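> Give me a model of this one.
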Amino acid sequence: MATELVSPSVSEPSVDERAELIAALESTGGNKARAARSLNLPRSTFYSRLKKHGLG
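Residues are numbered from 1 along each chain as shown. Purely as a prediction, here's the structure:
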């Protein structure tokens, strides 16, 4: 019996990315600007990703 492999949708949020965002926020005491810098992301990208994952 063949097993069909289904790759995740491009628009489906990554669990790893969500965990990375949460860890960055926790390590900066919730400071979003510092969390964005710690991930080497522009703030606008960081905020977009927070929104995508329902975190902001």
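> Give me the below-cutoff pLDDT ranges for this protein.
Along the chain, segments meeting pLDDT under 70 span 1-13.
> so where's the longest helix in this structure?
helix 15-27 (DSSP state H).
> Counting by contacts, list what that helix packs against.
Counting contacts by 3 or more C-beta pairs under 8 Å, 6 or more residues apart in numbering; DSSP states H and E, helix 15-27 is packed against helix 32-38, helix 43-52. C-betas here are computed from N, CA, C, even on glycine.
> let's see it at 6 Å
Identification of packing neighbours for helix 15-27 by 3 or more C-beta pairs under 6 Å, 6 or more residues apart in numbering; DSSP states H and E yields helix 32-38.
> List the buried residues in the helix it packs on.
For helix 32-38, burial by neighbour count (16 or more other C-beta atoms under 10 Å) applies to 32, 35-36, 38.
> Redo these as a markdown table? Include distance to Glu26.
A markdown table is the format used below for the buried residues of helix 32-38 (distance: C-beta to C-beta, whole Å):
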| residue | distance to Glu26 |
| --- | --- |
| Lys32 | 12 |
| Ala35 | 9 |
| Ala36 | 14 |
| Ser38 | 11 |
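> Just give me the closest of these to Thr45.
Nearest to Thr45, judged by C-beta to C-beta, of the buried residues of helix 32-38 is Ala36 at 7.5 Å.
> can you pull the contacts of the closest one?
For Ala36, the contact set (C-beta atoms under 6 Å, 6 or more residues apart in numbering) comprises 43, 46.
> Distance from the chain centre to the longest helix of the chain, please.
With C-alpha atoms, centre = their mean, to the nearest Å as the basis, helix 15-27 stands 6 Å off its chain's centre.
> between that helix and helix 43-52, how many degrees?
Here the directions of helix 15-27 and helix 43-52 differ by 110 degrees (axes from the mean of the first three to the mean of the last three C-alpha atoms, to 10 degrees).
> Name the residues of helix 15-27 that are buried.
18, 20-21, 24-25.
> now stretch 37-45
If you call a residue buried by 16+ other C-beta under 10 Å, then stretch 37-45 has these buried ones: 38-39, 41.
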